[in-house]
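>>> Let me see the structure of the following:
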Amino acid sequence: MGLVGSIVKKGFLGLAAVAAINSAYIVDQNEQAVVRQFGGKPVKVIVNPPDGADSGLVERLTEKYASEGVSISKGAGLRFKVPFIQGVINYDRRLLRWNGFPEQVPTKDKRYIWVDATARWYIEDPLLFLRTTATEEQAHARLDDNLDNMVRTEITRRDLIEVVRTDNRTMQVAEEELRETTNMGIVNEGRQKIVKDITDKAIDVCRQYGIGIHREGVLLKGLTYVPEVKTAVEQRMISERLRIAKKYISEGEGAYASITGDKNRIVDSINSAAYRTAQEIKGTADGRVTRIKSVFDRDPDFYGFTRRLELYRNSVNADTKMIIGTDNPLFGQLKGRNPSP
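Numbering: from 1, shown residues only. The predicted model follows:
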């Protein structure tokens, strides 16, 4: 009995060790888990929501699964379960990327554009995810079916300007140019409203599968005109720019003609005033010449005398000392007799 007892004891110790090992499990910081008993009945859910997740997630899930007797806890670390009876299923807790299928979508005003959407998602409710989706591959399939349809539906309900613009802000161009070149209508909602509508619907639908959508929402990462529309838009833009260029050229030529006309008028006025002044000076000079000639014709000797006096007055002052010869005409003038010719 001693040997048998020893074997049994070791067997119990070994079984206890295995049970102890099997009763502990670790939830990694990048994981969350669902604990189930035989038959698949869930007993515990460990959530580990990423940044940007619903802040009241634990409280909401606790209330949701209270009637099933499922406990909800949060955070990574070492945890325990009933060995051999309970099993653990782990899921990724990180944000995962969904990329939609780029497709050609018509807008409400019959403009075709290529649309490419994206979003970040995570497993919000591991238990519901297990029941409805089970794997990430299935989750991507559900996202493809639902989000692509939502994006297409929201865009087809709106005109092109609502999709490509976010608001009615004034572009950084001249007001007149903007008025002439942007005849696309008024933005009533804009792209932000479209993104919000898609995101709100996506959150409601994806929550049915235990999937959460990150708070940044479903984003339209690519909006491209189809070749036909792109060519038409480019041609219209070129035509508009050429028309504006012609308008500026016409305005420039008009301004040039106006400035040239003003310049010519000013030059003509200056030339006219200068000519008039020159004629007045010439007339004054001619009159003086005529008077001088008249005096000279009447008495040439007297005229010569007055001219010499004027010359002496301009060239001699009180301090001037002069040495004059007797044959100098000035000597004769100073002596009171006519100078020799």
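>>> for this protein, where's the lowest mean pLDDT among helices and strands?
Ranking every helix and strand in the chain by mean pLDDT, DSSP states H and E puts helix 175-181 at the bottom, with a mean of 44.
>>> ok, now which ones touch Trp98?
118-121, 140, 143-144, 147 (Cβ atoms under 8 Å, 6 or more residues apart in numbering). For the C-beta atoms, the positions are set from N, CA and C on the backbone; glycine is no exception.
>>> quick one: which of these is nearest Arg291?
Taking Cβ to Cβ as the measure, Arg291 lies nearest Thr118 of those, at 104.4 Å.
>>> ok, the closest one - how many residues close by?
Using other Cβ atoms under 10 Å, Thr118 is surrounded by 15 other residues.
>>> Show me what it bridges to in the sheet.
Under DSSP bridges, the beta-bridge partners of Thr118 are Asn99, Leu219.
>>> what's near enough to touch Gln208?
Neighbours of Gln208 in contact, by Cβ under 8 Å, 6+ apart: 128, 132.
>>> what's the answer for Ile198, then?
Residues near Ile198 by Cβ under 8 Å, 6+ apart: 117, 147, 150-151, 154, 217-218.
>>> Report the separation between it and Val105.
13 Å (Cβ to Cβ, to the nearest Å).
>>> any common contacting residues for those two?
With Cβ under 8 Å, 6+ apart, Ile198 and Val105 have common neighbours Val151.
>>> Off-centre distance for the strand or helix carrying Leu127?
Assigned by DSSP states H and E, Leu127 belongs to helix 126-132. Here helix 126-132 is found 43 Å from its chain centre; the criterion is Cα atoms, centre = their mean, to the nearest Å.
>>> show me where the stretch 1-150 of the chain has strands.
24-27, 31-37, 42-47, 71-74, 77-80, 86-92, 96-99, 103-106, 112-123 (DSSP state E, counting those that start in this stretch).
>>> To Arg191, which of those lies closest?
Among these, if distance is taken as Cβ to Cβ, the winner is strand 112-123, at 11.3 Å.
>>> Which parts of this structure are helices?
Counting by DSSP state H, the chain has helices at residues 2-23, 57-65, 126-132, 136-156, 160-164, 175-181, 191-207, 227-298, 300-315, 329-335.
>>> Can you convert these into TSV and add a column each for distance to Val82?
Shown next, in TSV, are these (distance: least, Cβ to Cβ, whole Å):
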stretch	distance to Val82
helix 2-23	7
helix 57-65	19
helix 126-132	18
helix 136-156	28
helix 160-164	55
helix 175-181	72
helix 191-207	31
helix 227-298	64
helix 300-315	139
helix 329-335	151
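>>> In terms of mean pLDDT, which of the ones you listed ranks lowest?
Mean pLDDT per stretch puts helix 175-181 lowest among these, at a mean of 44.
>>> Domain boundaries for this protein, per the record?
According to automatic domain parsing, the chain comprises the domains 14-94, 95-225, 299-341.
>>> picking up where we left off before, filter the contacts of Trp98 down to just the buried residues.
Neighbour-count burial (16 or more other Cβ atoms under 10 Å) is assigned, among the contacts of Trp98, to 119-121, 140, 143, 147.
>>> that older thread, which of the contacts of Ile198 tops the neighbour count?
Greatest neighbour count in the contacts of Ile198, by other Cβ under 10 Å, goes to Val218: 29 neighbours.
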